[in-house]
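**Q** the sequence and its predicted three-dimensional model are supplied below.
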Amino acid sequence: MSKHLSDFQKSFLARGTGETLFTQREFDEGLAIEEAKIMTIAIETTKTAISIEREECAKILDEMIKGLEGVDAMPLIVGVALDQAAQKIRNRMKAT
């Protein structure tokens, strides 16, 4: 168990006593830390969503390429172009 009380715990324990268990500065510092954590999670979640969407777009092109199998040379050129487009979609911005 943590040695430090959360803000909720402090608030809960302080009810009815009229005591202030933390200062406004302590509150503001804690809030800033938690806001930074939330932003970090939001950024990472967004990166993951973009990566998933990019992969799904590339899969659509892969399916289009499969539909061209066994067709004349012109569709072969289109197939190569679609394959290159799929690779560019996947590699445009690497997820970290």
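**A** On my side now, so go ahead. Predicted model only: the values in this text are computed from it and were never measured. Numbering: from 1, shown residues only.
**Q** could you use CA atoms for every contact and neighbour count after this?
**A** Will do.
**Q** confidence-wise, which helix or strand of the chain is lowest on average?
**A** helix 7-14 (a mean of 73; mean pLDDT, DSSP states H and E).
**Q** helix or strand right after that one?
**A** helix 24-67 (DSSP states H and E).
**Q** any idea of the mean pLDDT in that following helix?
**A** For helix 24-67, mean pLDDT is 90.
**Q** which other helices and strands contact it?
**A** Using 3 or more Cα pairs under 8 Å, 6 or more residues apart in numbering; DSSP states H and E, the elements in contact with helix 24-67 are helix 73-91.
**Q** I would like the residues contacting the helix it packs on, please.
**A** Identification of contacts with helix 73-91 by Cα atoms under 8 Å, 6 or more residues apart in numbering yields Arg54, Glu55, Cys57, Ala58, Lys59, Leu61, Asp62, Met64, Ile65, Leu68, Glu69.
**Q** that one: which residues count as buried?
**A** Under the neighbour-count criterion of 16 or more other Cα atoms under 10 Å, helix 73-91 has Gly79, Leu82, Asp83, Ala85, Ala86, Ile89, Arg90 buried.
**Q** mind putting those residues into CSV with pLDDT and distance to Ile50?
**A** CSV is the format used below for these (pLDDT from 0 to 100; distance: Cα to Cα, whole Å):
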residue, pLDDT, distance to Ile50
Gly79, 76, 25
Leu82, 81, 20
Asp83, 83, 20
Ala85, 84, 17
Ala86, 83, 15
Ile89, 81, 11
Arg90, 79, 11
